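**Q** Got a sequence here, can you model it:
(4 chains)
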Protein chains: 2
Amino acid sequence: MAHVQKTTRNGQAPLTKDMILRAAVTIVDEQGLQALTIRKVADALGVYPTAINWHIGSKDQLVADASGLIFEALRLPDDKAHEWQDWLRLTAASFRESMHKHPNFAVVVGTQLYTSLPALPFVERVLRILNDNGLKGDGLLRAYNSYVGCLIGWVSLELSSTSSVAFDEKAQMHVLSNLDERLYTAVAKNLPTVANKAFIIRWDNGTTNPMNDSFEFMMDSVINGIARSMKSFKS
Amino acid sequence: MAHVQKTTRNGQAPLTKDMILRAAVTIVDEQGLQALTIRKVADALGVYPTAINWHIGSKDQLVADASGLIFEALRLPDDKAHEWQDWLRLTAASFRESMHKHPNFAVVVGTQLYTSLPALPFVERVLRILNDNGLKGDGLLRAYNSYVGCLIGWVSLELSSTSSVAFDEKAQMHVLSNLDERLYTAVAKNLPTVANKAFIIRWDNGTTNPMNDSFEFMMDSVINGIARSMKSFKS
DNA sequence: ACCTGAACACCGTTCAAGT
DNA sequence: ACCTGAACACCGTTCAAGT
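**A** Numbering: from 1, shown residues only, chains lettered A, B, ... in the order given. As a prediction, the model looks like this:
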């Protein structure tokens, strides 16, 4: 019962789900998430739009499956080779690196946070290392949600980009420089240190303006919080 | 030069930006973000779609302006009345509460994180209280980005919902219960404590399934991290 | 099983025209 | 200034038809 390769599509190799998803990722990487349409994917592969529907199902499923590839590309460090704190730090850095390679998927990875099979190894490994270090029950749940939520949520924000409504740098700085100094004392006073570097008052996103320092500080805080909860658990 | 009220639209009061945004918020709250279209807003107000374009500009701008209303509704506690830790905790709770009232905007508030005027008071107050407690320069930036990024990113994840691709509970549990136990030991072992409660392995979002405990734990960790950085700053 | 092809309802935005 | 009205290019999805 060997599977004989069919040759539809005028003798070309038949479409596969993998071909479709790779084409989708390319479009998102090059043109942004809003440019991802079934029709464009079909064009890129030289087929009719409805052929995509046959393989994938719907547009929503296409987005979900394509963003799953990012979790699949994720390489996790070895448990045995590191202290749990370092393992969490390395894993966070690895996840952030993967996201930075496909920044236009950032919004979706946050949204698509439901039992996706490609993400399960990540879930398992994080749960396991916390579990192996004494956490269980509600303490485990808190630690896991704290780590995963901050990691994915924070990086997703770092890379978020406003489709097209964003002002340019000059307009942005003009607004910030002309604020009422009596109302916005702290913003005015610290403008050089926060302008285009702090959330909500920047115009370049994490692709061109990565926030490495803040990310490391944030992760240290979260991991320290987990460490403290482990101690109180043992006593 | 008093502004005489015009009566276009067959004698009805003229459209205002505020009417349009309120109609938009209603649609998003009731039908989800993907249901927000210029044409539906126009229908709700009894005008032609292009009338919306005249007042707002574009679809992207409509989404941006409508999500700005959430920041405007935000009530911030008094600086003088609380220790800075409590102020940050109360503000976080207040922000989270606002988001939970409009969960369908969660994705966008994360995305729209660029100098938006409605969010500036929030920015100012957070910067100010950190500044008043000794933080400046890079230390201030780290603390601010850590707090704001975790707050908005985390809550945004808590409320995120997969448009329609999501499985139902039965299908979800079936997948989780039949995992290879040799590969997914930690998931299998802790299934009762994490199923539908932990990120990535839940099927209800924060609206029906709020993650209060994890949120408080996460916020405490972040605030403790900031406190530690203040001490090392002084010494 | 896999893909074509036509058709449908919907979308954002343009531009000219009205008042 | 404010809105109508028609028009255009684009979209996801259906369903029947081909091979």
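**Q** use CA for all of it now, contacts and neighbours both
**A** OK.
**Q** which element is residue A:124 on?
**A** helix A:120-132 (DSSP states H and E).
**Q** Could you give the number of residues near residue A:75?
**A** Other residues lying near residue A:75 total 12 when counted by other Cα atoms under 10 Å in any protein chain shown.
**Q** what do you get for the one 5 residues further on?
**A** As a burial measure, the neighbour count of residue A:80 was computed by other Cα under 10 Å and equals 9.
**Q** ok, now the one 4 residues further on?
**A** For residue A:84, the count of nearby residues is 18 (other Cα under 10 Å).
**Q** Repeat that for the one 5 residues further on.
**A** By other Cα under 10 Å, the residues close to residue A:89 number 16.
**Q** go on, residue A:107?
**A** By other Cα under 10 Å, the residues close to residue A:107 number 23.
**Q** Chain A against DNA strand C: which residues are in contact?
**A** Within chain A, the positions adjacent to DNA strand C are A:8-9, A:13-16, A:46-51, A:54-55 by Cα under 7 Å from any atom of the strand.
**Q** wait, does the lowest-mean-pLDDT helix or strand in chain A contact chain B?
**A** In chain A, the helix or strand scored least confidently by mean pLDDT, DSSP states H and E is helix A:169-177, which has a mean of 83. Yes. Helix A:169-177 comes into contact with chain B (Cα under 8 Å from any Cα of the partner chain), by way of residue A:172.
**Q** Against which helices or strands is the next helix or strand along the chain from that helix packed?
**A** Toward the C-terminus, helix A:169-177 is succeeded by helix A:185-189 as the next helix or strand (DSSP H and E). Where contact means 3 or more Cα pairs under 8 Å, 6 or more residues apart in numbering or on different chains; DSSP states H and E, helix A:185-189 is packed against helix B:120-132.
**Q** Of all the residues in the helix it packs on, which ones are buried?
**A** Within helix B:120-132, the residues scored as buried using 16 or more other Cα atoms under 10 Å in any protein chain shown are B:120, B:121, B:122, B:123, B:124, B:125, B:126, B:127, B:128, B:129, B:130, B:131.
**Q** okay, the angle between that helix and helix A:169-177?
**A** 70 degrees (axes from the mean of the first three to the mean of the last three Cα atoms, to 10 degrees).
**Q** ok, residues contacting helix B:120-132?
**A** Helix B:120-132 has contacts (Cα atoms under 8 Å, 6 or more residues apart in numbering or on different chains) with A:184-187, A:200, B:71, B:76, B:79, B:84, B:88, B:140, B:143-144.
**Q** if you average pLDDT over it, what comes out?
**A** Averaging pLDDT along helix B:120-132 yields 97.
**Q** Just the CA trace of the helix or strand harbouring residue A:227, in PDB.
**A** In the assignment (DSSP H and E), residue A:227 maps to helix A:212-234. These are the backbone C-alpha positions of helix A:212-234, laid out as PDB (Å, rounded to 0.1, in the frame of the first residue of the first chain):
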ATOM      1  CA  ASN A 212      17.600  44.100  26.400                       C
ATOM      2  CA  ASP A 213      18.400  45.800  29.700                       C
ATOM      3  CA  SER A 214      14.800  46.000  30.800                       C
ATOM      4  CA  PHE A 215      14.100  42.500  29.800                       C
ATOM      5  CA  GLU A 216      16.900  41.000  31.900                       C
ATOM      6  CA  PHE A 217      15.900  43.100  34.900                       C
ATOM      7  CA  MET A 218      12.300  42.000  34.500                       C
ATOM      8  CA  MET A 219      13.200  38.300  34.200                       C
ATOM      9  CA  ASP A 220      15.500  38.500  37.200                       C
ATOM     10  CA  SER A 221      12.600  39.900  39.300                       C
ATOM     11  CA  VAL A 222      10.200  37.200  38.200                       C
ATOM     12  CA  ILE A 223      12.700  34.400  38.900                       C
ATOM     13  CA  ASN A 224      13.700  35.900  42.200                       C
ATOM     14  CA  GLY A 225      10.000  35.900  43.100                       C
ATOM     15  CA  ILE A 226       9.700  32.200  42.300                       C
ATOM     16  CA  ALA A 227      12.800  31.500  44.400                       C
ATOM     17  CA  ARG A 228      11.300  33.200  47.400                       C
ATOM     18  CA  SER A 229       8.100  31.300  47.000                       C
ATOM     19  CA  MET A 230      10.100  28.000  47.000                       C
ATOM     20  CA  LYS A 231      11.800  28.900  50.300                       C
ATOM     21  CA  SER A 232       8.500  29.700  52.000                       C
ATOM     22  CA  PHE A 233       7.200  26.500  50.700                       C
ATOM     23  CA  LYS A 234       9.900  24.400  52.400                       C
END
